[in-house]
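# please work out how this folds:
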Amino acid sequence: MGTLVPSVQLPQVDKVHSGAYDLFRLRGLTHRSAVRNIMQSGASERVTMTITGHKTRGVFDRYHIVSLEDAEKAMQATVAAAKAVGR
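Just a heads-up that it's a prediction; the model follows:
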C-alpha cells in the first residue's frame, strides 16, 4: 500500500485564485509538484509563493527546483532575445 500525502493548507485569498487551489488539491499534487507546475504555467515567484503559502524565500527555494531543462530553455530565450535586438 502506498504512503499517504498530507493535504496542504492554502491561504485564504479572493475567488480569482480559489479555482487554482481547488485544482491542485483535487489532483493531490505534492507541494513540490504544485510549486513547479505553477511556475511552469508562467506565474511569477511572488504569486507562486502567495498561492502555495510560502512566507519565507528560503522555504520556497527548497520547493522550487530548477531542472537542467529549465536552465537550458532560459538560456535559449536569452540568446534569442539578444539576437532580436542585434547584440
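# grab the nearest non-local neighbour of residue 55.
Counting by C-beta to C-beta, 6 or more residues apart in numbering, residue 55 lies nearest to residue 49, which is 7.7 Å off, once chain neighbours are set aside. All C-beta spots, glycine's among them, are computed from the backbone N, C-alpha and C.
# so which elements touch the longest helix along the chain?
Using DSSP state H, we find that the single longest helix of the chain is helix 68-84. Helix 68-84 is packed against no helix or strand, with contacts defined by 3 or more C-beta pairs under 8 Å, 6 or more residues apart in numbering; DSSP states H and E.
# next, the buried residues of that helix.
Judged by neighbour count using 16 or more other C-beta atoms under 10 Å, helix 68-84 contains no buried positions.
# same question, stretch 39-52
Residues 39, 43, 48-52 are the ones in stretch 39-52 that count as buried (16+ other C-beta under 10 Å).
# same question for it, mean pLDDT?
Across stretch 39-52, the average pLDDT comes to 89.
# span of it from start to end?
Stretch 39-52 has an end-to-end distance of 11 Å (C-alpha to C-alpha, to the nearest Å).
# can you check stretch 41-50 too?
Using C-alpha to C-alpha, one end of stretch 41-50 lies 15 Å from the other.
# please apply the same query to stretch 38-51.
9 Å.
# related to what we said a few turns ago, wait, the residue nearest to residue 55 sits on residue 60?
Yes - if you go by C-beta atoms under 8 Å, residue 49 and residue 60 touch, sitting 5.2 Å apart.
# which one among the buried residues of stretch 39-52 gets closest to residue 65?
residue 39 (9.6 Å; C-beta to C-beta).
# now name the helix or strand holding that closest one.
If you go by DSSP states H and E, residue 39 is part of helix 31-40.
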